[in-house]
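# Structure for this input, please:
(chains A and B)
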2 protein chains.
Amino acid sequence: MAEVSDLKAAAALLSWDQQTYMPSGGAAARAEQIATLEKLAHGRFVSEEVDSWLEDAASETRALSYDSDDASLVRLTRRDYDKARSIPPSLVEELARRTSLGMEVWVKARGRSDFGLFRSTLQTLVDLQRELADCLGYRERRYDALLDQYEPGMRSAELDRLFADLKGGLVPLVQDISQKLESVQDEVLRQSFPIEKQTTFGLEMAQEMGFDFTGGRQDQSVHPFCTSFSNRDVRITTRFDERFLPSALFGTLHETGHALYEQGVSPALERTPLSSGTSLGIHESQSRLWENLVGRSRGFWKFAYPRLQRTFPRQLAGCSPEAFYRAINRVEPSLIRVEADEVTYNLHIMLRYELEAQLVEDSLPVADLPEAWNGKMRDYLGITPPNDALGVLQDVHWSHGLFGYFPTYSLGNLISVQLYDRARREVPSIPEDIERGEFSPLLSWLRESVHRHGRKFMPAELVHRVTGEELRAEPFVSYLKAKYGEIYS
Amino acid sequence: MAEVSDLKAAAALLSWDQQTYMPSGGAAARAEQIATLEKLAHGRFVSEEVDSWLEDAASETRALSYDSDDASLVRLTRRDYDKARSIPPSLVEELARRTSLGMEVWVKARGRSDFGLFRSTLQTLVDLQRELADCLGYRERRYDALLDQYEPGMRSAELDRLFADLKGGLVPLVQDISQKLESVQDEVLRQSFPIEKQTTFGLEMAQEMGFDFTGGRQDQSVHPFCTSFSNRDVRITTRFDERFLPSALFGTLHETGHALYEQGVSPALERTPLSSGTSLGIHESQSRLWENLVGRSRGFWKFAYPRLQRTFPRQLAGCSPEAFYRAINRVEPSLIRVEADEVTYNLHIMLRYELEAQLVEDSLPVADLPEAWNGKMRDYLGITPPNDALGVLQDVHWSHGLFGYFPTYSLGNLISVQLYDRARREVPSIPEDIERGEFSPLLSWLRESVHRHGRKFMPAELVHRVTGEELRAEPFVSYLKAKYGEIYS
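Next comes the predicted model:
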């Protein structure tokens, strides 16, 4: 398992490098290299030997408590093993190679805003995903097999139920706010903010929140992400927009949330399959908690706004803390998911979920994707993307072979509120601590309740252990109603 | 072979990252990861299967010409295989892990200038090298086994002969120059040169010389190096000194020489064992050719000096081209190898060669190394290092397990002159081309004569094919006498 973990860490570094520093000429060889590493990692993991080790280990750990590291290691590794075993090595290699090349094609297509350049590549990727789903197996829908890779145990039937609840709460809220869009303005965020100063301020905030930079770093990439090669080497990336302060600022807080999770996994789990976050939904609950529940709160800016004003004295001279708070929480239906506000964000996700499910179920031809995308943008958000770069080509995910991934963003939003509600119930000082720039009470609670466990518990299991509740949409909707009801009167 | 090549490329990227961007906390896990990759690469290469493939391939390629890609591939791979087969996998893994950790210890010890912090680590590394040499086998001296890893076919007996000739030429030259040290001054190079401008100028020169930055890049590291992950992804690093212009400038030209070699290997050899430079000596002949024979020539600065003056107008205002040429060619016995002038440089190398040979032959205890180092510095250069950082801890090599590597620097110096003499005989316009900033005639000659072959020919074989001569010290000594005889009258 340690060797497999090393191979995966190496593949992750090759991918990080590809997205940050690699010269364009390196793409073809890099695709081969990543494919080889993935193939070897897969091959070593799915050997007959591992099967018999796991059987022996299962009987040896039978007497241990369910929560113990060893019992959890055997339980989760067995689940991984059975999944991995179902995928032929040739498909693993092909997926790795195609998705690495796919990303290069996407970067070019996005640069020229031309979906046509990406279409046949995407078709290949969709075909491979269908093949993958059939290998992995599923009970109800083919899509469930893909979803389970990112959110173990989740099914589209449950997703449909949660999203229906969410839609029921969101739609009237968005309609109400839409009557009053003009009551909140954000011109103050749309000035010139030198990138060097943005970088420094973002890194300072990340550090205040608890990001340990002796065990991590930040770089730039087209699509921001967090990756780790050990829990002492956790890396985030950011994208800067000199003319719009929130892009990099909240991007950094978001990725910091991911990084804190990875840095907080128990060192005892290093080089095992348990040494990372347990699902993308739980991961996203951490990033959204720090980005939104902390980072877009009045309390946080009580601490941080004076420092931001010192960083950008000219730009923020005439802006009161309250005006700044309102500006960063402005709601407006917009084109780009990663820059969407908290209220409309989940509509972007539902759109992607519905489209990728259709692609995978074969009810939507790839050629029709841009039109379907633009149609749903009109239906859900009332706007039409002027070009492919601002529409169907905006996200890296599909080019990277990530289907079944998008819904985890919304799951993260729901879970973040359930966790944060619980944290404040158990440690009532948290809101006041944050106003003073004291983040360690919140971070300690998260470390203890969520981070240290790594992948020991399945996501639904973890939510239930920590909150005593099932995953629900209601707390998130209540949070939005209270916050935006106040902002928009 | 392609998989082995991919694993090695991945290990090289992990090492590049360790030296450029990795946070310090990542060191322990990185050591494990590199060790795993090296072990797997070694394991896949030395399998019985490969042995029988090589036997089959040998008979299949028997009818092909010696120079053909296929015959060369089989010939060189068989040599590699027999070497690799002699090293047990456990030793490969241990070497990789210890040298990765060793470098971290060296970085700390060098930072604190305390050899004591590094001593026991170095002892372990020396012991491993002895074990390695005994596995590899040798006829005359244990050291030959290590030397052969970097300069295939070279023996210390031949080295001793070459170095004796070299010493015979160098010692009187250094003595003569030492009478006139004051006649050349370099204060002009010791002003404030903003690092950003140094970077830009260095990159411009690299590009003029032919470095293709769509297939490469430059970063910063403590010890400058060149590495490649394919011939379309070749990376160099540089170390900047704001107060001394030549450090980064000639460092960049040096590493560019290495990079041009790697970028020039025939694409047909990609993902085979032939896809890189054939030896460190030949590699160093390329770096020294561009750094010294081109970069420190009057002709080069006829082209480049006006541009350098435009980059640093204030600093170079009162400095004539001739004064600049003399300054960059100032000879002075000094402490740091990588900043030594062309004349004294090889004395630094002889010192290291003699000491590492003694360490490996067990005639010098590791604990006595700093004293032995300082003694030889006094004998050869007449100066005593004031501390370990400027003495025995200055080079990364031993910390990285590189024993038998240093002599290749001097071999490179000798070969560079033999090749450059030949190039000018075949393409007489080269000196005038360089004065006009036209580097492609020289680069094309090197591509055709040296680069494209990759590892197809052994170093001595390549030198003979290209120049019709054996490796000799005389042309290098003649070059130095002519150049420095003129500068120092």
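# Name the helix or strand of chain A that has the lowest mean pLDDT.
The helix or strand of chain A with the poorest confidence is helix A:89-112; it has a mean of 88 (mean pLDDT, DSSP states H and E).
# touching chain B at all, that helix?
No: shown here: helix A:89-112 not in contact with chain B (Cβ under 8 Å from any Cβ of the partner chain), separated by at least 10.5 Å. All C-beta atoms are positioned from the backbone trio N, CA, C, and that covers glycine.
# Please identify the buried residues of that helix?
For helix A:89-112, the neighbour count (16 or more other Cβ atoms under 10 Å in any protein chain shown) marks A:91-107, A:109-110 as buried.
# same question, stretch A:351-361
Of the residues in stretch A:351-361, A:Leu351, A:Arg352, A:Tyr353, A:Glu354, A:Leu355, A:Glu356, A:Ala357, A:Gln358, A:Leu359, A:Val360 count as buried by neighbour count, 16+ other Cβ under 10 Å.
# Likewise for stretch A:44-64?
For stretch A:44-64, a neighbour-count test (16+ other Cβ under 10 Å) marks A:Phe45, A:Val46, A:Val50, A:Leu54, A:Ala57, A:Thr61 as buried.
# go on, stretch A:299-319?
Buried positions in stretch A:299-319, judged by neighbour count with 16+ other Cβ under 10 Å: A:299-305, A:308, A:311-312, A:315-316, A:319.
# again, but for stretch A:387-407
Residues of stretch A:387-407 classed as buried: A:388-407 (neighbour count, 16+ other Cβ under 10 Å).
# One more: stretch A:71-91?
Using 16+ other Cβ under 10 Å as the test for burial, stretch A:71-91 gives A:71-81, A:83-85, A:87, A:91.
# same deal with stretch A:377-389?
Of all the residues in stretch A:377-389, those buried under the rule 16+ other Cβ under 10 Å are A:Met377, A:Tyr380, A:Leu381, A:Pro385, A:Asp388, A:Ala389.
# how does chain A divide up, domain by domain?
Following automatic domain parsing, one gets these domains for chain A: A:2-141, A:156-487.
# out of those, which comes closest to B:Cys226?
domain A:2-141 (14.0 Å; Cβ to Cβ).
# before we move on, back to that, taking helix A:89-112 as reference, get the angle to whichever helix or strand comes after the least confident helix or strand of chain A.
Toward the C-terminus, helix A:89-112 is succeeded by helix A:116-136 as the next helix or strand (DSSP states H and E). Interaxial angle, helix A:116-136 versus helix A:89-112 (axes from the mean of the first three to the mean of the last three Cα atoms, to 10 degrees): 150 degrees.
# can you tell me which residues contact A:Leu73?
The neighbours of A:Leu73, taking Cβ atoms under 8 Å, 6 or more residues apart in numbering or on different chains as the test, are A:Ala57, A:Leu269, A:Thr272, A:Pro273, A:Leu274.
# Would you format those residues as a markdown table with pLDDT included?
Below are these laid out as a markdown table (pLDDT from 0 to 100):
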| residue | pLDDT |
| --- | --- |
| A:Ala57 | 97 |
| A:Leu269 | 97 |
| A:Thr272 | 97 |
| A:Pro273 | 97 |
| A:Leu274 | 98 |
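# Spatially central residue in chain A, please.
Nearest to the geometric centre of chain A sits A:Glu284, at 4.6 Å (Cα atoms, centre = their mean).
# ok, which residues in the stretch 201-350 of chain A are in contact with chain B?
When proximity is defined as Cβ under 8 Å from any Cβ, the stretch 201-350 of chain A approaches chain B at A:212-217, A:219, A:229-230, A:232-233, A:270-271.
# In strands, which of the residues you listed appear?
Among those, the ones falling in strands (DSSP state E) are A:Gly216, A:Arg217, A:Asp219, A:Phe229, A:Ser230, A:Asp233.
# Widest-spaced pair of the buried residues of stretch A:44-64?
Every pair of these checked by Cβ to Cβ; the farthest is A:Val46 and A:Thr61, at 21.0 Å.
# B:Phe324: which of the domains of chain A is closest?
For B:Phe324, the closest of these is domain A:2-141, at 32.4 Å, according to Cβ to Cβ.
# and the closest one, how far apart are its ends?
34 Å (Cα to Cα, to the nearest Å).
# how about low-confidence regions in chain A?
Counting by pLDDT under 70, not a single residue of chain A qualifies.
# ok and the residue in the stretch 301-450 of chain A nearest chain B?
Proximity of the stretch 301-450 of chain A to chain B (Cβ to the nearest Cβ) peaks at A:Arg447, 16.8 Å away.
# If you count contacts, what does the helix or strand harbouring that residue end up packed against?
Assessed by DSSP H and E, A:Arg447 sits inside helix A:440-449. If contacts are counted by 3 or more Cβ pairs under 8 Å, 6 or more residues apart in numbering or on different chains; DSSP states H and E, helix A:440-449 sits against helix A:245-264, helix A:407-426, helix A:430-435.
# Pick the most deeply packed of those.
Mean neighbour count (mean count of other Cβ atoms under 10 Å in any protein chain shown) peaks for helix A:245-264 among these, with a mean of 25.
# now the angle from the next helix or strand after that one to helix A:407-426?
Using DSSP H and E, the helix or strand that follows helix A:245-264 in sequence is helix A:280-288. Inter-element angle recorded for helix A:280-288 and helix A:407-426: 60 degrees (by the same axes, to 10 degrees).
# A:Asp388 against A:Arg119, yeah?
No: under the criterion of Cβ atoms under 8 Å, A:Asp388 makes no contact with A:Arg119, lying 10.4 Å away.
# rewinding a little: among the buried residues of stretch A:299-319, which are in helices?
Assigned to helices by DSSP state H, the following of the buried residues of stretch A:299-319 qualify: A:Gly299, A:Phe300, A:Trp301, A:Lys302, A:Phe303, A:Ala304, A:Tyr305, A:Leu308, A:Thr311.
# Spatially nearest residue to the fourth one (excluding sequence neighbours)?
I take that to be A:Lys302. Closest residue to A:Lys302 apart from its sequence neighbours, by Cβ to Cβ, 6 or more residues apart in numbering or on different chains: A:Glu435 at 4.5 Å.
# who touches that neighbour in this structure?
A:Glu435 makes contact with A:Gly299, A:Phe300, A:Lys302, A:Phe303 under the criterion Cβ under 8 Å, 6+ apart.
# Please repeat the previous calculation with a cut-off of 7 Å.
Residues in contact with A:Glu435 (Cβ atoms under 7 Å, 6 or more residues apart in numbering or on different chains) are A:Gly299, A:Lys302, A:Phe303.
# what packs against the least confident helix or strand of chain A?
helix A:27-45, helix A:116-136 (3 or more Cβ pairs under 7 Å, 6 or more residues apart in numbering or on different chains; DSSP states H and E).
# and B:Leu147, which of these is closest to it?
Nearest of the helices and strands packed on helix A:89-112 to B:Leu147, taken as Cβ to Cβ: helix A:27-45 at 30.3 Å.
# Contacts for that closest one next, please.
Helix A:27-45 has contacts (Cβ under 7 Å, 6+ apart) with A:3-4, A:7-8, A:10-11, A:14-15, A:18, A:22, A:81, A:84, A:89, A:92-93, A:96-97, A:100-101, A:104, B:3, B:6-7, B:9-10, B:40, B:229-230, B:232-233, B:271.
# same check, this time on stretch A:319-335
By Cβ under 7 Å, 6+ apart, stretch A:319-335 touches A:177, A:181, A:184-186, A:188-189, A:246, A:296, A:298, A:301, A:305, A:340-341, A:343-344, A:381-383, A:385, A:390, A:484, A:487.
# Return the subset of these lying in strands.
Per DSSP E, the contacts of stretch A:319-335 never map to strands.
# So which of the buried residues of stretch A:377-389 are in helices?
By the criterion of DSSP H, membership of the buried residues of stretch A:377-389 in helices covers A:Met377, A:Tyr380, A:Leu381.
# since we're on the nearest residue to the last one once chain neighbours are set aside, how many residues are nearby?
Yep, that's A:Leu381 we're talking about. The shortest distance from A:Leu381 to any residue other than its chain neighbours is 3.9 Å, reached at A:Pro333 (Cβ to Cβ, 6+ apart). Neighbourhood size, A:Pro333 [other Cβ atoms under 10 Å in any protein chain shown]: 19.
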